[in-house]
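*Asks:* Build me a model:
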Amino acid sequence: MARVTIEDCLKNVDNRFTLVHLAAKRVRQIREGADLLVKSSKNGDVVSVLREIAANRIVVKKKKDKDEE
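*Replies:* Presented below is the predicted three-dimensional model:
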C-alpha cells in the first residue's frame, strides 16, 4: 500500500469520529509498547495505525445497549 487515505480506513469504520477515536487509542497502545500489526519500517505511529485500520487488522467492538441485554 503506497499511501493510506481516510477513505481506505472508512471502508472498515463507520464514520470519521469513530476513526479518530480508534486511531488515537491504538497510537497510545503502540507508544506504551504494543506491537504493530502491519509491517512498517519508517512510518510514524499515526501512519502505521491508519495502515492497520485500512488493512482491517483493527476493528471496533460495538457496545450493547441496555435495551438489547
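*Asks:* contacts and neighbour counts: CA atoms only from here.
*Replies:* Fine.
*Asks:* How about Val47: what's its closest non-neighbour residue?
*Replies:* Val4 (7.6 Å; Cα to Cα, 6 or more residues apart in numbering).
*Asks:* doesn't Glu52 make contact with the one you found?
*Replies:* No. Here Val4 does not reach Glu52: they are 9.7 Å apart, not a contact under Cα atoms under 8 Å.
*Asks:* Comparing those two, which residue is more hemmed in?
*Replies:* Neighbour comparison, Val4 and Glu52: the larger count goes to Glu52, with 22 against 16 (by other Cα atoms under 10 Å).
*Asks:* Next one: the residue most central in space within the chain relative to Lys64, how far apart?
*Replies:* Centrality entry for the chain: nearest residue to the mean C-alpha point is Ile53, 3.8 Å, by Cα atoms, centre = their mean. To Lys64, Ile53 is 22 Å away according to Cα to Cα, to the nearest Å.
*Asks:* Give the buried residues for stretch 34-46.
*Replies:* 36, 45 (16 or more other Cα atoms under 10 Å).
*Asks:* can you list the residues that contact that stretch?
*Replies:* Contact partners of stretch 34-46, identified using Cα atoms under 8 Å, 6 or more residues apart in numbering, comprise 23, 27, 30-31, 48-49, 51-52, 57.
*Asks:* 10 Å instead?
*Replies:* 23-24, 26-31, 47-49, 51-53, 55, 57-58 (Cα atoms under 10 Å, 6 or more residues apart in numbering).
*Asks:* before we move on, what about stretch 9-23?
*Replies:* Against stretch 9-23 from outside (Cα under 10 Å, 6+ apart): 6-7, 24-27, 29, 45-60.
*Asks:* list the buried ones in that stretch?
*Replies:* Buried residues in stretch 9-23, counted by 16+ other Cα under 10 Å: 9, 12-13, 19, 22-23.
*Asks:* what pLDDT does Val27 get?
*Replies:* According to the prediction, Val27 has pLDDT 95.
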